Every structure is written in C-alpha cells, then in structure tokens.
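Q: need a 3D model of the sequence below.
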Amino acid sequence: MVVVVVVGYSGNVITRGVRFNNLTHIYLVCHSEVLYMHHKLFISTIKSKSHFIKTMSDVPTDVLVNILSRLPVKSLLRFRTVSKPLCALIDSPYFVNLHRQRQTMKTDKVLVFSRGLGSSTSAISFCFDSLPTTVRLEPPIDRTLFPYIISSCHGFIYFCSWPMGRVILLWNPSTRKYREVPASLDYPPINSVLKAVDQVGYDHVNNDYKVVRLTQSGDSVRLDSKVFVYSLNFERWLPVEQTFPYDFLLVSCRGQGACVSGAVHWLLNQKPDSDNDYLMVSFDLASQSFQSVPLPEFLNNYESIDIGVFEGCLCVVGSGGYCVDVWVMEEYEVKESWSKLLALTSRVHITCGSPSIRPILYLKNRKEVLLEVYERWFEIYDLEEKKSKKRMFRAQSPLSTFVYQDSLA
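A: Just a heads-up that it's a prediction; the model follows:
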C-alpha cells in the first residue's frame, strides 16, 4: 500500500517509473518507509533523519494525520522513532482513537499461551492472513506462573497470575506495552468469595476501556453479588450504583465472560423450579445497567455450557456425552437470530466442567473455522464438508487462546 498526497503545482517529478507533471509537493507513505519529494528532491527513506525531519515539518498537520491514521500499527511504531513531535502525535489519545476508527480492514490474530516442558509460560501470536505468520512474544509476567484468568478486547490482553489477583495487567501485544490496574479496596475477603469472573471491554460511548469484575460471596441462602468497574481513562475504580438484580449463581464457564456490543455478559444458574436452568445477563459499560439476554432453546439438554465471542457475536458451546454444538447470535439481543454454526461428535465423553470445543475465528472466506479442541490443539473445520480437515499445534499442557487485533491503545 502506498498513500500519495499531492499539494501544489510546479515542475516535473519522476518516481518509480511514474511521471508526475507540474507538482510542487508529493508525500508518499509506505508500510516500511516515508518518502518526501519537493520538485526533483527525493528523500528515499527515513535513514537521512535530520533532512527528513526538516522536510516533514512542511507537511500540514491535517494532511499528516490523514495519512498516518490509515497505516498499520507496525509502520506507526517505526515512525515513532523519527522525531519527538511525530511520536507525541502518534501517542496522543485523539490519534489513537482516530486510527482505531479508520482501521476498517482489521486482521484478527490468535494469541496462544502454553506451558512448556521447562514449566515456563510461552506466548505465540498466529496470523492466518494470505501469508500466515508466527511470532513468539514475551508477556510481562513471571514466566514460571501460568496466567490464571485471561480475556481479550480489541488490542488488549487481560491477565493476572492467580485467582482474585490483586494486580491486574492489561497488555498490548502489538506495542509490547502494558498497564497495571490496582485492586479495588472494596473487594470482599478472598476466603468468602464463592466465584469471581473478570472481563475487559470497550465503552464505545465514552471511548474508554474498562475492566469489570463480578464477585459472589455468601451461601445458598443469601448470595451477595457485587460488580466493580475500573476505567482506564480515569485510572480508578468507579462505583456501580445499580445493585446486581439476579440472585443466581455464576456458571463456571471457561470463557469467564464475553464482551459484545459494548456490554459484558455472564451466564447464571436459575432456581431449580425454573423452566430453563440458565440465564444470560449483560452489563452495559456506558450506562452501567443490567438486563437479560435471550438464549437459544434446548440448552437444558447439555451437560456443560460455555459462552464466548466468535467474530464479534455472542456464541454458546453446548456439550454433552459425545456431542458438541456451537451456537452464534447473528443479531444482538434477537432470540430468533441464534443459529447452530456447527455440530461435532467428540472423541471423548464430555462431562460438566471438562474442556470441550471452542470456535476461534473464520478462515478462507468464512468457509472454514479454526477450533481449539480440549485445550490441547487446533483443528480446521470445513463448514461445507462438515468435517475437520487438519490438526495443528498440539500441546502437552493446557492452552489459553484469545483473538486480538493490532492496536495503538
């Protein structure tokens, strides 16, 4: 990709076999280089940094922002080293938000955490684009500890190293930067917590990333549920005025929660006399309000239920015996839009709480789906032939797999 911006007229310029007649200024920005031409002056790369900085100062700010905001993150990270003003521009909240909005053709990447033979945690990023790539990353954690809780949202990966961790890290694998989130002083004592789930989400109304933690303490007679929200914009925990309106116990889902359409979602167990054992609850990050979300029919037929996000939509994985079904809500909050993406026959008997199948993302024009199987390996499932075609990346220890996109956040 090359972006060409032309300003003014005067003289002739020839570049890369193309003649530009009567042009005064031409700015070209490529994936790996920035080019500037004035009349017949051609600066081929940013290696001549002093001259480049001088000439780039002539570029109108709005033109520069318009060009840079359309480039991939990898190029922008290189440009940050050119000059302090350019670094300040790329790091500014305005530019970061503008860049996120303009990246319409985002490529999903898969981040896999695994524990090796030496009991050290490794992180590998896979990109299944036209040219598949694999990159080994160094997460900012003690590699002798396997991350206990992990979730993802856009460019952020969230993890802590133990249940109810007092220190939370939000890590951007693209920029290699991370933010430390302090623990809330209002957390109940750890020994009194029955269940706790965490999720990072994006509040598109306030342009704010938030960490949401739902804790449940007490007993079967009286259940005390509390929600805590941390704002990255304000760098503090914000109170949730509305009390949690459901006296139901959290289901132990491997997915912990799911963030879709600016809301975090949890799966709860309803009372025994209910027609349906399960209830999905959403928490809107902007309004901080709760409401129920319709689920697909026949969930009571499954022994194990998990929720997650697949291609930006809510998904439910129902497992029982040797059967695994994957449901996707194609239109948010519309019950009739639940559709069965695929149905599999498991090689092993699946019981409640045991690892099952997780859909990760589409491949090859939505004709194939990458599946994580039993937290041990991946398979490519052909939706037309209705069968798995290839097994890859087999691990000897449990995997934690999440989807993310390159981001400057």
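
Q: ok, Leu77 touching Thr175?
A: Yes - using CB atoms under 8 Å, Leu77 is in contact with Thr175, at 6.6 Å. C-beta: built from backbone N, CA, C; applies to glycine.

Q: need the contact partners of the helix or strand where Phe402 lies.
A: If you go by DSSP states H and E, Phe402 is part of strand 400-404. Strand 400-404 is contacted from outside by 108-114, 146-147, 150-152, 154-157, 173, 309, 358, 360-361, 372, 375, 378, using CB atoms under 8 Å, 6 or more residues apart in numbering.

Q: how about the residue nearest to Leu76 when sequence neighbours are not counted, what does it touch?
A: Closest residue in space to Leu76, ignoring its immediate chain neighbours: Ile90 at 5.3 Å, by CB to CB, 6 or more residues apart in numbering. Contacts for Ile90 (CB under 8 Å, 6+ apart) come out as Leu68, Leu76, Phe79, Arg80, Leu408.

Q: if I look at Ile90, how far off is Arg176?
A: Distance, Ile90 to Arg176, using CB to CB, to the nearest Å: 15 Å.

Q: remind me, longest strand of this structure?
A: strand 313-329 (DSSP state E).

Q: distance from the chain centre to the helix or strand immediately after that one in the chain, please.
A: Per DSSP H and E, the first helix or strand lying C-terminal to strand 313-329 is strand 338-350. Taking CA atoms, centre = their mean, to the nearest Å, the mean C-alpha location of strand 338-350 is offset from the chain mean by 25 Å.

Q: what does stretch 395-409 give?
A: Distance, centroid of stretch 395-409 to centroid of chain: 8 Å (CA atoms, centre = their mean).

Q: how far off centre is stretch 361-368?
A: Worked out by CA atoms, centre = their mean, stretch 361-368 lies 18 Å from the chain centre.

Q: distance between the ends of it?
A: For stretch 361-368, the first-to-last residue distance is 9 Å (CA to CA, to the nearest Å).

Q: and if you look at stretch 219-235?
A: 33 Å.

Q: number the residues from 800 up from this point.
A: Noted, 800 is the first residue going forward, which turns the last one into stretch 1018-1034.

Q: name the residues of it that are buried.
A: Across stretch 1018-1034, burial judged by 16 or more other CB atoms under 10 Å covers Leu1022, Asp1023, Ser1024, Lys1025, Val1026, Phe1027, Val1028, Tyr1029, Ser1030, Leu1031.

Q: repeat that for stretch 1134-1142.
A: Neighbour count says stretch 1134-1142 has Trp1137, Leu1140, Leu1141 buried, by 16+ other CB under 10 Å.

Q: next one: that stretch to chain centre, how far?
A: 23 Å.

Q: check stretch 873-883 too.
A: The answer for stretch 873-883 is 24 Å, by CA atoms, centre = their mean.

Q: which residue packs closest to Lys1025, ignoring adjacent ones?
A: Thr1014 (5.3 Å).

Q: element containing the one you found?
A: Going by DSSP H and E, Thr1014 is in strand 1007-1017.

Q: show me what that strand is packed up against.
A: strand 966-971, strand 992-1002, strand 1022-1030, strand 1048-1049 (3 or more CB pairs under 8 Å, 6 or more residues apart in numbering; DSSP states H and E).

Q: can you redo those as a markdown table with distance to Ala1085 and mean pLDDT?
A: A markdown table is the format used below for the helices and strands packed on strand 1007-1017 (distance: least, CB to CB, whole Å; pLDDT from 0 to 100):
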| stretch | distance to Ala1085 | mean pLDDT |
| --- | --- | --- |
| strand 966-971 | 19 | 84 |
| strand 992-1002 | 5 | 83 |
| strand 1022-1030 | 11 | 88 |
| strand 1048-1049 | 23 | 82 |
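
Q: among those strands, which comes closest to Leu1198?
A: strand 966-971 (17.6 Å; CB to CB).

Q: one step back: now the two most distant members of the buried residues of stretch 1018-1034.
A: Leu1022 and Leu1031, at 29.9 Å, using CB to CB across the buried residues of stretch 1018-1034.

Q: for stretch 924-932, what is the average pLDDT?
A: For stretch 924-932, mean pLDDT is 78.

Q: next up, the contacts around Lys976.
A: Trp970.

Q: related to what we said a few turns ago, closest one of the buried residues of stretch 1134-1142 to Gly1056?
A: Trp1137 (18.6 Å).

Q: next, find the distance separating that closest one from Leu1067.
A: 18 Å.

Q: for Gln1090, same thing?
A: In terms of CB to CB, Gln1090 sits 13 Å off from Leu1067.

Q: CA atoms of the helix or strand harbouring Tyr977 as CSV?
A: Tyr977 is located in strand 976-981, with elements delineated by DSSP H and E. Taking Å, rounded to 0.1, in the frame of the first residue of the first chain, the C-alpha atoms of strand 976-981 are listed here in CSV:
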residue,chain,number,x,y,z
LYS,A,976,3.2,-2.0,26.4
TYR,A,977,1.2,-2.9,29.5
ARG,A,978,-0.8,-1.1,32.2
GLU,A,979,-1.1,-2.2,35.7
VAL,A,980,-4.6,-2.0,37.3
PRO,A,981,-4.6,-1.7,41.1
